[in-house]
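Engineer: Pasting a predicted model and its sequence here:
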Amino acid sequence: MAGTGSIAGPAAASPAVTVDDPIIRIYRNIVGILDLSPRVMRSTLDKECDDKQSNETYRQLMERRRGSAYSNGEWKNLMGFSWKILEASKTPTSLDVTPLFLLLTKLFDLGKGDIVREHAALIVKLRAVKDLRNDIMHDLYNAVDAQKFTELTTVLVELVREAGRFYALSQADVDAEVQSLNNEIEIVKRMDSQSIYFWCTRLASSGKQAVGLLWEAKLEYEKLSLNEDTVQRQTVFHALDVNVQETGRGKTVSYTEIFEAHEKVMVVSGIAGAGKTTLVKNIVLQFFNTQETAPDYLRSFNQLIFFQCRDRTTPTLSDVIQQHYEDLCKELSKENVLMALLRLDVLFIIDGFDEVNESSRKVVIEIIEKTWRRNCRVLITTRPHAVKEELAPLLKPYDVSFTQYEILSLTKLADQLTFLRRYEMSMCGGAQVGAITRSFESLSEDVRSLFTEPINLVHFCEMHKHFAEEISSWRTPGDVAPVKLRLYRKLISAKLAGSIDEDLDVLVDDVFALIGAEALELLRDNVVTISEAELRTIKRRCQGKMKGEDKFDPAVVLSVLLKDHKPLDLNQNSSYQFKHKSEQEMFAGHYIVQCIIGGSADLLHIILGVSKEGMSR
Ligand SMILES: Nc1ncnc2c1ncn2[C@@H]1O[C@H](COP(=O)(O)OP(=O)(O)OP(=O)(O)O)[C@@H](O)[C@H]1O
């Protein structure tokens, strides 16, 4: 049977399954939704569009029937995020239930010439299929329900009969179509383990759970950057607001509303430390939360793939898929799992596009290329400068448009205090809560205006822990900046005290200079992850600086400044990163200032990334 999408080769003996087996129940529902339903609806659409010319798109057909063109805005409002596929498609072959339902209902609304038609009964049947689709695809509890398959097959047969009445087909033609559908239904009842729908079934039944465990282990806790404190990510999460750029009127909405966009691609932009990565990590945790069902705004997805552009070691999308569904990919191949995944409703999250490199760019392009015709959506985060300069040009050749949202800063004192309170509670386990917020409230407005990004507020908590006294003496914004570096100085000195004979201050200056030069060089190449080999080079350089200090261990110092970044694929080597990109930038900035103060002639060519000879020219 062509329709069940067998993967390749002769059909293997079907696994011994009974109706009691959850896998066969999910399989039937999945084939019913992903294969039988669109085929029946496509046949209805063909009947409705018997006047369509073969080179005409569905948008053009509707405009012809309407007698006027739609503006792009009208078309998007009419078709939601199916607008693109319905604008481009000339045949129904790649349309599935959601765009088919939309298209059919909008065609009925338009009418067909002067013919008076009563389409209400037909819409009832179409809607029943669409609702069953959403029930089954968005909730495993429904997907495993044998009754749903019975309901679906019944309504599909009714749809064929109702379409027969509506288009005044002969009884013989309708009976033949029903017979053919019943034959297909009988085939679906026997599970084909070579069918792509079998793998969709496996993904639907256990994929989310497996990936959920993976992300929960990786993301549940957050280690703060300036000291050893750990907080539970969801407990300290502050629900951020975003500004919809599309409207041009500065409409402010909650982050949960970004999925209401008409575009399949949504871009969340924000300056350094605005909370882009934290936002998407919390979306991941909410999606996979095993204690509660996914929140409403995520309910339309049944799988989620998370990819960070700083990754330099995952060359293809199927490798990303393998990291997510390791066991399933061992059974089938990663390519087949990817193929099956793209049939489902997937949310792809691409984090930190501004950090994209040669390898991760290929993955981003693959995601865009493979998802735009599907029921998938893509959420991309980036610093603002990369939207115009890099992201828009990358999407343009694929004719992909997006809605942009900008994360809003926390400018109101009440919001800042709420934010700080959560961290304070988590950091002191509930004891002595109030000191941090009181200290913050006592600052002048001028100084407080430095703390409008989440990262600065978190750093405030950390600085308060070490320099509470000093904070009370801050008078101007200029008093704040040096304290963060002093905090690092203090942390490194504490680590080295007792093991080093030399003057610690001088030694820390040397470490800062070395790490600052390294940070600058990496930033120049837009690199934020450091491989094991690169780390060894940095360690050797540290060691070289500390000649004569036998007891100096560069790993101890670097552990204060860098964090270990464990790969998803445990067979791969670890990589390392600054605790936050903004800290990499801070050390690079400090280094530049020191070079300028010290009158270093080497500096400019390093920043510009050219040779000294190149500079003289
Ligand atoms: N919504 C939030 N609730 C609680 N804490 C947050 C929130 N957003 C950010 N933070 C804190 O601020 C830190 C920096 O945020 P994050 O890394 O998400 O910023 P970013 O916008 O991705 O920055 P960059 O562009 O530099 O990568 C986080 O590690 C976290 O401690």
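Structural biologist: Sure thing, it's come through.
Engineer: Just give the closest residue to whatever residue of the stretch 501-617 of the chain ends up closest to the ligand, not the sequence neighbours.
Structural biologist: Taking C-beta to the nearest ligand atom, the ligand has its nearest neighbour within the stretch 501-617 of the chain at residue 581, 4.0 Å off. Just so you know, the C-beta spots here come from the backbone N, C-alpha and C atoms, and that holds for glycine as well. In space, and not counting its chain neighbours, residue 581 is closest to residue 528: 5.6 Å by C-beta to C-beta, 6 or more residues apart in numbering.
Engineer: thought that neighbour was touching residue 580?
Structural biologist: No: in this structure, residue 528 is not within contact of residue 580 by C-beta atoms under 8 Å, at 9.7 Å.
Engineer: Between the two, point out the one with more neighbours.
Structural biologist: residue 528 (24 against 20; other C-beta atoms under 10 Å).
Engineer: helix, strand or coil for the more buried one?
Structural biologist: coil (DSSP: H, G, I helix; E, B strand; the rest coil).
Engineer: residues from the stretch 251-400 of the chain in reach of the ligand?
Structural biologist: 270, 272-278, 352, 383 (C-beta under 6 Å from any ligand atom).
Engineer: Out of those residues, which two are the most distant from each other?
Structural biologist: Spatial extent of those (C-beta to C-beta) is set by the pair 278 and 383 at 14.3 Å.
Engineer: More neighbours: which of those two?
Structural biologist: More crowded of residue 278 and residue 383, by other C-beta under 10 Å: residue 278, with 21 against 17.
Engineer: which secondary structure element contains that one?
Structural biologist: Secondary structure from DSSP states H and E places residue 278 in helix 276-288.
Engineer: got a list of what the closest residue to residue 167 other than its chain neighbours touches?
Structural biologist: Closest residue to residue 167 apart from its sequence neighbours, by C-beta to C-beta, 6+ apart: residue 47 at 4.7 Å. For residue 47, the contacting residues are 163, 167, 169, by C-beta atoms under 8 Å, 6 or more residues apart in numbering.
Engineer: and those residues, which of them are in helices?
Structural biologist: Of the contacts of residue 47, the ones assigned to helices by DSSP state H are residue 163.
Engineer: Now, of the contacts of residue 47, which are buried?
Structural biologist: Buried subset of these (neighbour count, 16 or more other C-beta atoms under 10 Å): 163, 169.
Engineer: As CSV, the contacts of residue 47 with distance to residue 238 would be great.
Structural biologist: Converted to CSV, those look like this (distance: C-beta to C-beta, whole Å):
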residue, distance to residue 238
163, 52
167, 56
169, 59
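Engineer: Now do the phi/psi pair for residue 400.
Structural biologist: Backbone torsions of residue 400, given as degrees, to the nearest 10, read phi -100, psi 120.
Engineer: Now do the buried residues in stretch 120-133.
Structural biologist: 122-123, 125-126, 128-130, 132-133.
Engineer: Inside helices: which ones of those?
Structural biologist: Secondary structure from DSSP H places 122-123, 125-126, 128-130, 132-133 of these in helices.
Engineer: For the ligand, state which of the residues you listed is nearest.
Structural biologist: Checking these one by one against the ligand (C-beta to the nearest ligand atom), the nearest turns out to be residue 133, at 33.9 Å.
Engineer: Contacts only, for the closest one.
Structural biologist: Going by C-beta under 8 Å, 6+ apart, the list of residues near residue 133 reads 33, 37, 97-98.
Engineer: For this structure, which residues are neighbours of the ligand?
Structural biologist: By the criterion of C-beta under 6 Å from any ligand atom, the positions of the chain lying close to the ligand are 222, 236-238, 240, 270, 272-278, 352, 383, 454-455, 458, 580-582.
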